[in-house]
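Q: The sequence isn't on hand, but the structure is:
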């Protein structure tokens with residue numbers, strides 16, 4: 001499996017900025033829910 005670095009960095013950066021912005025505005029619950037909006041399915045790790 002190849003990692004698409006540009007996509008990964010863009011998504012992580014967007015998530016972090018949104019998380020910080022919502023926390024600064026005092027909207028902690030929305031910051032927590034943003035994780036589920038970007039990733040509706042749980043991430044699973046495989047050792048194969």
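A: Alright, I've got the coordinates. In this text the structure is predicted, and so the values were computed from the model without any measurement.
Q: Okay, helices next: where are they in the chain?
A: Assigned by DSSP state H, the helices in the chain fall at 5-24, 28-38.
Q: Just send these back as a markdown table, with mean pLDDT too.
A: Shown next, in a markdown table, are those (pLDDT from 0 to 100):
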| stretch | mean pLDDT |
| --- | --- |
| helix 5-24 | 88 |
| helix 28-38 | 69 |
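Q: Present those helices as TSV; the columns should include mean neighbour count.
A: For the C-beta atoms, the positions are set from N, CA and C on the backbone; glycine is no exception. Below are the helices of the chain laid out as TSV (neighbours: other CB atoms under 10 Å):
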stretch	mean neighbour count
helix 5-24	12
helix 28-38	12
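Q: what's near enough to touch the residue nearest to residue 11 when sequence neighbours are not counted?
A: With sequence-adjacent residues excluded and distances taken as CB to CB, 6 or more residues apart in numbering, residue 11 is closest to residue 38, at 6.9 Å. Residue 38 sits next to 11, 14, 15 when contact means CB atoms under 8 Å, 6 or more residues apart in numbering.
Q: separation between residue 38 and residue 10?
A: Residue 38 sits 11 Å away from residue 10, going by CB to CB, to the nearest Å.
Q: That concludes my questions; thank you for your assistance.
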